[in-house]
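Q: Sequence and predicted model, in that order:
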Amino acid sequence: MLGQHLIREGAAHSERRAIDHGGHLSSYGDLRCVAIAMVSQRGPLAGRRVGLTATDPSPYIAAAAALDWLGAHTFLIGRRSPDEVESIRSRFDLEAVLGEEAYEAAGRASTGAVEIPPAHPGGGRVTLLTSGTTGVPKAATHTWATLGSPVRKDPSLADSRWLCAYPLPLYAGIQVFLQAFLNWAALVVPASFDPRQAAATLVESGVTHASGTPTFWRQVIFFGGRDLLRRAALRQITLGGEAVTQDLLDRIRSLWPGVRIVHIYASTELGRLFSVTDGREGFPIRYLEAAPEPGTVLRILDGELQAKSAHGMIGYEQEQDRAQDPESWRATGDLVEVRGDRVLFRGRSSDLMNVGGHKVAPLKIENTLRSVEGVADLRAYPRRSSLAGQIVALEVVPAPGSNEGDLRQSLLNAARAGLLPHEVPRIIEFVVALQPNMAFKLTRKEKA
Amino acid sequence: MGLSIEPFLPEHTEAVRAFNRRLEARGSTFRFPDTPVPTWLPPQDGVPVYQEYYLVRDREAVRGGYILKPQAFWVEGSVRMIADYRLPVSEGIVDPRHAIVGMLTLKDALKRQPFLFGLGMGSPEEPVARLLKIFDFPIVPCPFYFRIIRPKRFFEGIAFLRNSNVKRKLLDLFAATGAGWVAMKAAHRVRNRYKQEASRFSSSEEMTFGPWADAIWESAKGAYALCAVRDRMVLDTLYPPEEHRFTRLKVSEDGMTVGWAVVLDTHMRNHRQFGNLRVGSIVDCLALPGREAGVIAGATHFMESRKVDLIVSNQLQRDWCQGFLANGYLSGPTNYFFAVSPALEKLLRPLEETLEQTHMTRGDGDGPINL
Amino acid sequence: MPTASDVTGAILASIRESLEMKGITEPPTAQTPVDARLGLDSLDWAAIVVRLEGVLGIDPFEEGVDRELKTIQDIVGVYEDALRRRDG
């Protein structure tokens, strides 16, 4: 699908802007030329298993399209150390690995009118590596067609500009780039994921649609500066990948009153399950009976959300991951709680802490303490303890001008009032910023 | 995990080395110094120019760092401490998880010293310059001046002119026929109004800066809106006698000291801009108001007699810039830029006027590395 | 190897931090008994031990402690023994 889209249909859209990477612009025509040159240069890769390490948008997309045209099975490796790439190469029996240099070589060769070698019948497959926050990343195989199935195709989107704050080799990044590409719109990738840079890019590149994790949005709002951010002409903000809380939705709404806020719930394996646009956290309880996304079915089992999906992967790449048959329910790993007409997210089951035998959810602690005056952001996570298994620790980013001593006291008062004794943080540290992982999500792994 | 920013202490040394190794493993050439006490300009009692190292750490590792170089500056009529923001290094350049680190270093630096500047940077597109722009630092170029002393060697060796195939062929031709020398000489002659007057200025090599340097500073400072304090103590700190590569020239006119220049004479090896040329540079300078062109003449004459291939300098203040042009220097593309924090800009308003009276040379900022 | 007064000082400081977090302002001494009268629960002690690991570099409770702990001085003794074993 991707190869055909860029190489065949792309001819009619050559002048349109495809990519804005830190101010450097490429048209669909530019990308198409390079993709065609790559097809000519990399013919021997037809039908083979090929790894792709490029992460910059132009090299990545041109190569992905070329490999799809060649019917290759592309493994989206992304930016990793040479050792990790080598281990992935041997784990998946890859026959070649392409990086940014393949794009440069093709760029030097492409000069305009080129004879296009015929497309490989059957198209290619593409394998995504999950972000692997727990242990070894799993490999989920899709086709570009299945990856593109949730994309909304709408002629009115032709002039839109989509900011992607996810690494492109991950599922969320692919969704944003396909959303732009399948509508011949522009993909905007900031020069770096630095929140100030992202805020400046929103304004300077005329971004109309922006996608990021809640952690990304919190950082952009906190570090980007309200005056700068208000100037962004955003029509739609999409959040996904982590639980979205009401306070964040409210903060976004106050900065951009007219913007459409979409919370997408998806996973690498299941694809997009549903989206929520009513400005409230969680999702409506009626989705448990009939989800709005065709092919999605949801249920709650032992406090955890389970799903079946039509946008799901074809299957896992490795035997040890193929635990279930593709037709059965898959656990999402997300804990939920029904409250009134709403299903609320309570955090990842893998984030649950064991404090002296009691199960503690970090999100509950964060949600209780987030509204304390003087808190800009915070994270609850476990510290290993020889005496109690784990104890609750808190990292807090103080709001500018707040007094740390007073803030510590306020947090403890709020904790003792709103949480059970074993949930009260026993260690509170002030930091200048929280650090997300590669997928721009906050992890809550135990720290010794 | 959460990030914090603290001064570099001895117990962080191993973590900084591990940080540098991670950068190297991922193909970056950036490194942060791995000693807590700076080797260049460590803090010393009573010396108003020194460096401080700061590290960005999370519980597991060092994720970045930056250097602050506080220095006494003459600002709009009085002396105050402002600081140079140097060498921010972030693991974000090889790992997007740490993308936030660069910005955090600048935020931290501004908190410690709102009157901050940046100098050097290579181009406004470089990551450091981009970061400063996001924080609303105005960025201005410090013009680059050069004078070719030995044209044949120059044309054969000058890297920045050899960027395109066409230019390369043309220049080879010039060098072979000697036509280049003629063309260049004509250009120099037109601009070299000072040639006769230049003979009045003589220069002598000094081992240290004597009381004469204090006298020059006292007389010269009033002409500047912004200038690093360049008295004897600071100059001996920046250009200590044991640093043999620096030549300290005291320039006199008809026997009276009118200024000084610090010059370098370097055989370049595979330099990005200068190839293998022997480059003389006027790194730093100060003069009695009105004597800038004369000081340049004295320094130029000294370097000519040393038979360097060309002489270069970066300047900002108007009289120095005009002085170089008057001495037959040509101006070329610069890679030396000056940026000021919003607080510093407010102090210097209106900025365009103040910049004309701002003294910035290769002696400021990082010091004359790469020369 | 930290001195005896360093170790006592670090332990008292860590205990004082947990007490302050509970609003207990009376400063503890080496003679203060470490039973329920002090006002700290098991999780507070866990936090104290975690903090001390950051300062002194050891957690003597990892392998279990079989001596009776009646006062803060007893805890100081446990740490001193462990430090002696580590530093020789």
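A: Noted; the coordinates are in hand.
Q: Next, the buried residues of stretch A:241-259.
A: Using 16 or more other C-beta atoms under 10 Å in any protein chain shown as the test for burial, stretch A:241-259 gives A:241-245, A:248-249, A:252, A:255-256, A:259. Bear in mind the C-beta positions are built from the backbone N, C-alpha and C, glycine included.
Q: Ignore what I typed, I meant stretch A:283-296.
A: Buried residues in stretch A:283-296, counted by 16+ other C-beta under 10 Å: A:283-284, A:287-288, A:291, A:293, A:296.
Q: And for stretch A:140-152?
A: Using 16+ other C-beta under 10 Å as the test for burial, stretch A:140-152 gives A:140-144, A:146-151.
Q: what comes into contact with that stretch?
A: Stretch A:140-152 has contacts (C-beta atoms under 8 Å, 6 or more residues apart in numbering or on different chains) with A:1-3, A:64, A:68, A:73, A:123-130, A:171, A:174-175, A:178-179, A:182-183, A:266, A:268-269, A:271-272, A:293, A:310-317.
Q: Okay, now the unreliable bits of chain C?
A: Confidence mapping of chain C against pLDDT under 70 gives the ranges C:1, C:88.
Q: And the strands in it?
A: Read by DSSP state E, chain C holds no strands at all.
Q: what's the residue in it that chain A sits nearest to in contact with, if anything?
A: Relative to chain A, the nearest point of chain C is C:A47 (3.3 Å; C-beta to the nearest C-beta). With contacts defined as C-beta under 8 Å, 6+ apart, the neighbours of C:A47 are A:385, A:391, A:426-427, C:18.
Q: go with 7 Å
A: Contacts for C:A47 (C-beta atoms under 7 Å, 6 or more residues apart in numbering or on different chains) come out as A:391, A:426-427, C:18.
Q: Please flag which of those residues sit within strands.
A: A:391, A:427.
Q: before we move on, back to that, without its sequence neighbours, what residue ends up closest to the residue of chain C closest to chain A?
A: Nearest residue to C:A47 in three dimensions, chain neighbours excluded: A:R426, at 3.3 Å (C-beta to C-beta, 6 or more residues apart in numbering or on different chains).
Q: Find the nearest non-adjacent residue to residue 22, please.
A: Let's take chain A. Per C-beta to C-beta, 6+ apart, closest to A:G22 is A:A191, 3.1 Å.
Q: meant chain C actually
A: Leaving aside its sequence neighbours, C:K22 sits nearest to C:G39 (C-beta to C-beta, 6+ apart; 6.1 Å).
Q: Am I right that that neighbour is in contact with C:I24?
A: Yes: under the criterion of C-beta atoms under 7 Å, C:G39 makes contact with C:I24 at 5.1 Å.
Q: Distance of A:R196 relative to B:A72?
A: Using C-beta to C-beta, to the nearest Å, A:R196 is found at 30 Å from B:A72.
Q: And A:V176, by the same measure?
A: Distance, A:V176 to B:A72, by C-beta to C-beta: 51 Å.
Q: and those two? which has more neighbours close in?
A: It is A:V176, of A:V176 and B:A72, that has more neighbours when counted by other C-beta atoms under 10 Å in any protein chain shown, with 25 against 18.
Q: State the phi and psi torsions of the residue in the stretch 51-200 of chain B positioned nearest to chain C.
A: Residue of the stretch 51-200 of chain B nearest chain C, by C-beta to the nearest C-beta: B:R59 (9.5 Å). Per-residue torsions, B:R59: phi -60, psi -20 (degrees, to the nearest 10).
Q: A:Q435 belongs to a helix, doesn't it?
A: No: read with DSSP: H, G, I helix; E, B strand; the rest coil, A:Q435 is coil and lies in no helix.
Q: Pull the contacting residues for it.
A: Taking C-beta under 7 Å, 6+ apart, we find A:Q435 in contact with B:1-3, B:58, B:97-98.
Q: Let's see if you can find the most crowded of the residues you listed.
A: When neighbours are counted by other C-beta under 10 Å, B:H98 leads the contacts of A:Q435 with 23 neighbours.
Q: Surely that residue is in contact with B:S90?
A: Yes: using C-beta under 7 Å, B:H98 is in contact with B:S90, at 6.1 Å.
Q: Next, show the common contact partners of those two.
A: Counting by C-beta under 7 Å, 6+ apart, the shared contacts of B:H98 and B:S90 are B:63-64.
Q: quick one: contacts for the nearest residue in space to B:A299 that is not next to it in sequence?
A: Nearest residue to B:A299 in three dimensions, chain neighbours excluded: B:A261, at 4.0 Å (C-beta to C-beta, 6+ apart). Contacts for B:A261 (C-beta under 7 Å, 6+ apart) come out as B:249, B:251, B:282, B:285, B:295, B:299.
Q: so B:A261 sits in a helix?
A: No: B:A261 is assigned strand when assessed by three-state DSSP, not a helix.
Q: is it in a bridge, and if so with what?
A: Beta bridges link B:A261 to B:L249, B:C285, judged by DSSP bridges.
Q: gap between it and chain C?
A: B:A261 is 54 Å from chain C, where distance means C-beta to the nearest C-beta, to the nearest Å.
Q: The closest residue to B:F246 other than its chain neighbours and B:V49, how far apart?
A: Of all residues beyond its chain neighbours, the one nearest B:F246 is B:Y239 (4.6 Å), with distances taken as C-beta to C-beta, 6+ apart. From B:Y239 across to B:V49, the span is 12 Å (C-beta to C-beta).
Q: cool, A:L128 as well?
A: 53 Å.
Q: Pick out whichever of the two has more residues nearby.
A: Between A:L128 and B:V49, counted using other C-beta under 10 Å, A:L128 has the larger neighbour count: 25 against 21.
Q: Just say helix, strand or coil for the more buried one.
A: Put simply, A:L128 is strand when judged by three-state DSSP.
Q: Who are the contact partners of it?
A: Each residue near A:L128 by C-beta under 7 Å, 6+ apart is listed here: A:76, A:140, A:142, A:170-171, A:268.
Q: swap in C:P28?
A: Each residue near C:P28 by C-beta under 7 Å, 6+ apart is listed here: C:12, C:15-16, C:19, C:72.
Q: Great, nothing more from me.
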